[in-house]
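Novice: Provided below for reference: sequence and predicted model.
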Amino acid sequence: MSNVEAEPVEMRCGEPVGEGRPGEVPSVDVLSARNVPLGGPRAMSVRRTLPQRARTLIGAWCFADHYGPDDVARSGGMEVPPHPHTGLQTVSWLFSGEVEHRDSLGSHAFIRPGEMNLMTGGYGIAHSEVSTPRTTVLHGVQLWVALPEEHRNAGRDFQHHVPEPVRIDGAEIRVFLGSLAGDASPVRTFTPLLGAEITLEPHATITLAVDAAFEHGLLVDSGDVRVAGTLLRPAELGYVRPGADALELTNTSDGPARALLLGGTPFEEEIVMWWNFIGRTHEDIVRAREDWEASSDRFGVVDGYPGDRLRAPVLPHATIKPRGNPPRTELRPKGTP
């Protein structure tokens with residue numbers, strides 16, 4: 001999905017280093033979403049939890065838009081014309097509906113609930129995303145992953161994966177990236193990552209073994225979920241810094257609850273993110289924008305989309321300023337309040 005804000009926020013993102021010790025009780029930072037309209041008055045809106053001032057990265061996850069459930073007859077659904085990406089991977093995951101994907105690699109695929117599309121736009125790629133006519137309710141997430149310096153000019157790639165559900169007491173888990181609950185995704189990434197959908201039965205509690213080197217984020221879609229003792233409500237993202245080797249999740253609701261668990265090793269490189277581009281300097285962004293506006297071969301052509309491509313917004317009249325994550329707080333030793 002494109003960031004189609006008319007005046008996208010400019011950011012220089014950095015991740016401070018530091019972690020706790022395995023076996024300690026994790027503290028949880030609760031991050032609220034902001035509503036972002038994607039286009040005109042009938043266009044859908046999204047709840048954006050990454051990036052924000054309180055946190056710009058969780059592992060290499062650098063962008064999270066959560067949308068729906070939207071009545072397509074009222075919202076108009078998703079209609080995102082061909083647009084560019086650099087320095088990142090896009091991860092598309094649906095709860096309901098169907099989206100048609102086309103890209104300049106020549107991929108033509110459909111995104112359906114429980115199926116993941118991952119597209120790599122290192123040096124440059126373009127794609128379009130349109131909800132299909134048979135979609136009545138559109139509901140899902142769009143995520144971006146920052147590429148590390150050694151791979152940020154990687155070639156175009158597209159992967160599709162349908163994870164088998166893993167059932168444990170009181171929960172069903174679909175692992176689309178990384179490994180969790182005894183399942184592992186075959187999808188290739190450039191940094192260690194975790195991505196999984198977790199559905200909890202009413203009042204169920206599960207404890208998941210996780211990589212203590214990872215930081216984690218739990219994005220709640222429906223129901224109220226308590227993670228490591230902190231209650232998260234729908235559209236909230238709970239952040240847990242490295243050091244936790246297990247996460248306890250409890251559905252405090254009378255109905256099912258659903259959440260996405262995202263994780264990864266701290267991404268310690270500084271990145272510059274503006275519109276749909278990720279680079280390392282302001283000049284990287286300027287060059288990418290110029291190449292897109294000039295219809296450079298860098299991004300290729302999306303065949304089959306019946307319309308014009310997106311134009312890039314106007315760049316700000318200033319150099320991108322630093323914005324990093326706040327220092328991490330210490331984990332609480334077990335037994336302390």
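Specialist: Thanks, I have it.
Novice: In this structure, where is pLDDT below threshold?
Specialist: Where the chain drops to pLDDT under 70, the residues are 1-25, 39-43, 321-337.
Novice: Try it again at 50.
Specialist: 10-20, 322, 329-337 (pLDDT under 50).
Novice: From the centroid of it, which residue is nearest?
Specialist: Leu143 (2.2 Å; CA atoms, centre = their mean).
Novice: my read is it is in a strand, agree?
Specialist: Yes - judged by DSSP: H, G, I helix; E, B strand; the rest coil, Leu143 forms part of a strand.
Novice: what about the spatially closest residue to it that is not a sequence neighbour, how many neighbours?
Specialist: Closest residue in space to Leu143, ignoring its immediate chain neighbours: Val91 at 4.2 Å, by CB to CB, 6 or more residues apart in numbering. C-beta coordinates here come from the backbone N, C-alpha and C atoms, glycine included. For Val91, the count of nearby residues is 25 (other CB atoms under 10 Å).
Novice: Then the one 4 residues further on?
Specialist: By the measure other CB under 10 Å, the count of residues near Phe95 is 21.
Novice: Pairing partners for the helix or strand hosting it, with directions?
Specialist: According to DSSP states H and E, Phe95 maps onto strand 88-96. Partners of strand 88-96 in the sheet, by DSSP bridges, are strand 116-121 (antiparallel), strand 137-146 (antiparallel).
Novice: Please identify which of those strands is closest to Ser296.
Specialist: strand 116-121 (13.8 Å; CB to CB).
Novice: Of all the strands paired with strand 88-96, which one is nearest Phe63?
Specialist: Across these, closest to Phe63 is strand 137-146 (CB to CB), at 3.5 Å.
Novice: Toward the C-terminus, what is the element adjacent to that closest one?
Specialist: For strand 137-146, the succeeding helix or strand toward the C-terminus, using DSSP H and E, is strand 157-161.
Novice: Which strands or helices does that next one pack on?
Specialist: strand 116-121 (3 or more CB pairs under 8 Å, 6 or more residues apart in numbering; DSSP states H and E).
Novice: Would you mind getting the angle between the strand it packs on and strand 157-161?
Specialist: Interaxial angle, strand 116-121 versus strand 157-161 (axes from the mean of the first three to the mean of the last three CA atoms, to 10 degrees): 170 degrees.
Novice: where along the stretch 151-300 of the chain do the helices fall?
Specialist: 282-293 (DSSP state H, counting those that start in this stretch).
Novice: about what we covered before: and Val301, which of the strands paired with strand 88-96 is closest to it?
Specialist: For Val301, the closest of the strands paired with strand 88-96 is strand 116-121, at 14.2 Å, according to CB to CB.
Novice: picking that back up, run the chain-centre distance for the strand holding Phe95.
Specialist: 7 Å (CA atoms, centre = their mean, to the nearest Å).
Novice: Is the residue nearest to the centre of the chain in contact with Leu262, as I believe?
Specialist: Yes - between Leu143 and Leu262 a contact is recorded at 7.3 Å, counting by CB atoms under 8 Å.
Novice: Common neighbours of the two, please.
Specialist: Taking CB atoms under 8 Å, 6 or more residues apart in numbering as the criterion, Leu143 and Leu262 both touch Trp61, Ala64, Gly195.
Novice: ok, of the residues you listed, which one's closest to Val240?
Specialist: Nearest to Val240 among those, with distances taken as CB to CB, is Trp61, at 13.1 Å.
Novice: Distance-wise, check Ala294 relative to Ile320.
Specialist: Applying CB to CB, to the nearest Å, the value for Ala294 to Ile320 is 21 Å.
Novice: distance of the residue nearest to the centre of the chain from Leu88?
Specialist: On the measure of CB to CB, Leu143 and Leu88 end up 10 Å apart.
Novice: shared neighbours, the two?
Specialist: Here Leu143 and Leu88 have Phe63 as joint contacts, going by CB under 8 Å, 6+ apart.
Novice: how about the residue nearest to Ile278 when sequence neighbours are not counted, what does it touch?
Specialist: Leaving aside its chain neighbours, Ile278 sits nearest to Gly87 (3.4 Å; criterion: CB to CB, 6+ apart). Gly87 sits next to Gly121, Gly122, Ala146, Leu147, Arg152, Ile271, Phe277, Ile278, Gly279, Asp284 when contact means CB under 8 Å, 6+ apart.
Novice: Can you give me the neighbour number for the fifth one?
Specialist: Yep, that's Arg152 we're talking about. 20.
Novice: Who's the closest spatial neighbour of it, skipping the chain neighbours?
Specialist: Nearest non-adjacent residue to Arg152, counting by CB to CB, 6+ apart: Gly87, 4.6 Å away.
Novice: ok, now the last one?
Specialist: Spatial nearest neighbour of Asp284, excluding adjacent residues (CB to CB, 6+ apart): Val272 at 6.5 Å.
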